[in-house]
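J.: With the input below, show me the fold.
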Amino acid sequence: MAPKNKGKVLAFLKEYFKRMDPTLLILALMTSGYGLVLISSAGKANPRFMIVQGVAIALGVVAYFVITLFDIAHLAVLWKWALVFNLALLSTTLFFGVGMEQTGNNSWIRFQLGGVETGLQPAEIGKVIYILTLAQHFKILGRRVNTLGGLVPLLLHGLLPVAFVYLFSKDDGMAVSYLFIFILMAFAGGIYLRFCVAGLAGVVAAVPLFWNFIMGQYQRDRFIVLFDTTYKLDSIGYHQMQSRTAIANGGWFGAGLYNGPLTQYGHLPTKQTDFIFSVACEELGFIGGFIIILLLTAIILKCVADGLTMRDDRFSMLMCVGVAAMLTFQTFINVGMNLGVAPVVGLTLPFISYGGTSVVTMFAALGIVSSLKRHYIKRVSTRNIYEN
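T.: Predicted coordinates for the structure are as follows:
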């Protein structure tokens, strides 16, 4: 490399790291590293889990850095095209989705890559696009968000992807996570509280309809088992019974890494994904589980704090709220699944559970938050281009 070009590269790197806030990346690496250790214990009989997760973390870090290189707000002007693309992406599971036999939904697309079977989960990728398009839509509407002309298209925007996920992939957990993101972004986006309350009341009122006419028996079973711990112990009830037992066995400090009886002898189902929190509690005790909650809470609070810092930039603030909402819902539901207080819906524990698409998506989402924060000052100084 010529000295002149080398000097430019060094100057760019110096300026890049000077303006970059490394907190989110450090927290994400700590959390995913901890998850990698847990996966190595849960899946020590199959090193493929470690390899795939390690590659996914590396790709996630690359995605994080690439995204922070430019101001992601520039892409927001393409939000309508992004919305169409997202709906097309979510609809692919209708034609190519697989996984019903193992997971109860068709949310995965499997293919061969270099002779190795791999796959991706379109709805995981779609969540980030969903947040971006909603944030820009809210920004464009501005004060018109509470008018009939603003609310109707916004509701269609918010609910159509939810319907696509639920109807095409049969992934009710993912569909509810989209809905949760929309509700929190609507509240933060300035929709009147009375409209938010009315919307929530409508959702609650629709529960009997969903329960009796839309939900399948296997979906109802997921809720019944929460109130009757003896229900279907040969199937759906077995999963949460074993999870609770593993957590109780761990005590304060656990049985030791690679030494959890239920984890190591095959008595804990889907231990690399849905019930990785139980692995942490059985082998590392209450302390091991608390560390997970502490790390994920720190990431969520950092996203919220960055959003508050940029609250005069509507798009950036709502992007941060959306990412925080995504992480909050998945953390709450996954930990609740393990504790037996939330239905088993197959949502991963962010950065901890095994899953390449999920890990890369989470790093990319944090990269967007970091990008917005890094370019915030320039964006504010050009308010005629990036107005509220």
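J.: Find out how far stretch 146-153 is from the centre of the chain, if you would.
T.: From the chain centre to the centre of stretch 146-153 is a distance of 28 Å (C-alpha atoms, centre = their mean, to the nearest Å).
J.: what do you get for stretch 213-232?
T.: On C-alpha atoms, centre = their mean, the centre of stretch 213-232 falls 25 Å from the chain's centre.
J.: Check stretch 346-359 too.
T.: For stretch 346-359, the distance to the chain centre is 8 Å (C-alpha atoms, centre = their mean).
J.: Repeat that for stretch 330-348.
T.: 13 Å.
J.: for it, which positions count as buried?
T.: By 16 or more other C-beta atoms under 10 Å, the buried positions in stretch 330-348 come out as 330-331, 333-340, 342-348. All C-beta atoms are positioned from the backbone trio N, CA, C, and that covers glycine.
J.: Rounded mean pLDDT for that stretch, please.
T.: Regarding stretch 330-348, the rounded mean pLDDT is 91.
J.: Compute the first-to-last residue distance for that stretch.
T.: Terminal residues of stretch 330-348 lie 7 Å apart, using C-alpha to C-alpha, to the nearest Å.
J.: residues making contact with stretch 262-271?
T.: The contact list for stretch 262-271 (C-beta atoms under 8 Å, 6 or more residues apart in numbering) reads 41-44, 238-239, 242-243, 245-246, 249, 258, 260-261, 275, 278-279, 282-283.
J.: contacting residues around stretch 365-374?
T.: Stretch 365-374 is contacted from outside by 19-21, 24-25, 28, 63-73, 127-128, 131-132, 299, 303, 306, 309-310, 313, 315-316, 319-320, 323, 326-327, using C-beta under 8 Å, 6+ apart.
J.: Same check on stretch 331-346?
T.: Contacts for stretch 331-346 (C-beta under 8 Å, 6+ apart): 103-105, 107, 171-174, 176-177, 222-223, 225-226, 229, 236, 239-240, 243-244, 247, 273-275, 277-278, 281, 292-293, 296-297, 300, 347-350, 353.
J.: buried subset of those?
T.: Using 16+ other C-beta under 10 Å as the burial test, the contacts of stretch 331-346 include 103-105, 107, 171-174, 176-177, 222, 225-226, 236, 239-240, 243-244, 247, 273-275, 277-278, 281, 292, 296, 300, 347-350, 353 as buried.
J.: and the contacts of stretch 262-271, which of them are in helices?
T.: Among these, the members found in helices (DSSP state H) are 41-42, 238-239, 242-243, 245-246, 249, 261, 278-279, 282-283.
J.: Could you dump these into TSV with pLDDT and distance to V197 added?
T.: Listed next are the ones in helices among the contacts of stretch 262-271 as TSV, based on pLDDT from 0 to 100; distance: C-beta to C-beta, whole Å:
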residue	pLDDT	distance to V197
S41	90	45
A42	86	42
Y238	86	39
H239	83	35
Q242	90	39
S243	91	34
T245	91	40
A246	92	39
N249	91	43
P261	90	48
S278	94	36
V279	94	39
E282	94	41
E283	94	43
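J.: which pair in those residues spans the largest distance?
T.: Largest separation among the ones in helices among the contacts of stretch 262-271 by C-beta to C-beta: S41 and Y238, giving 21.4 Å.
J.: Same drill for those two, tell me which one is more crowded.
T.: Neighbour totals were compared for S41 and Y238, and S41 leads with 22 against 14 (other C-beta atoms under 10 Å).
J.: I'd say L347 and G173 touch.
T.: Yes: between L347 and G173 there is a contact under C-beta atoms under 8 Å: 4.8 Å.
J.: Okay, strands next: where are they in the stretch 51-200 of the chain?
T.: Ranges of strands within the stretch 51-200 of the chain are 109-113, 116-120, based on DSSP state E, counting those that start in this stretch.
J.: tally of neighbours for the residue lying closest to M20 once chain neighbours are set aside?
T.: In this structure, M20 finds its nearest non-sequential neighbour in R374, 5.7 Å apart by C-beta to C-beta, 6 or more residues apart in numbering. Look at R374: counted by other C-beta under 10 Å, it has 19 neighbours.
J.: what about R374, distance to L29?
T.: Plainly put, R374 is 18 Å away from L29 if you go by C-beta to C-beta, to the nearest Å.
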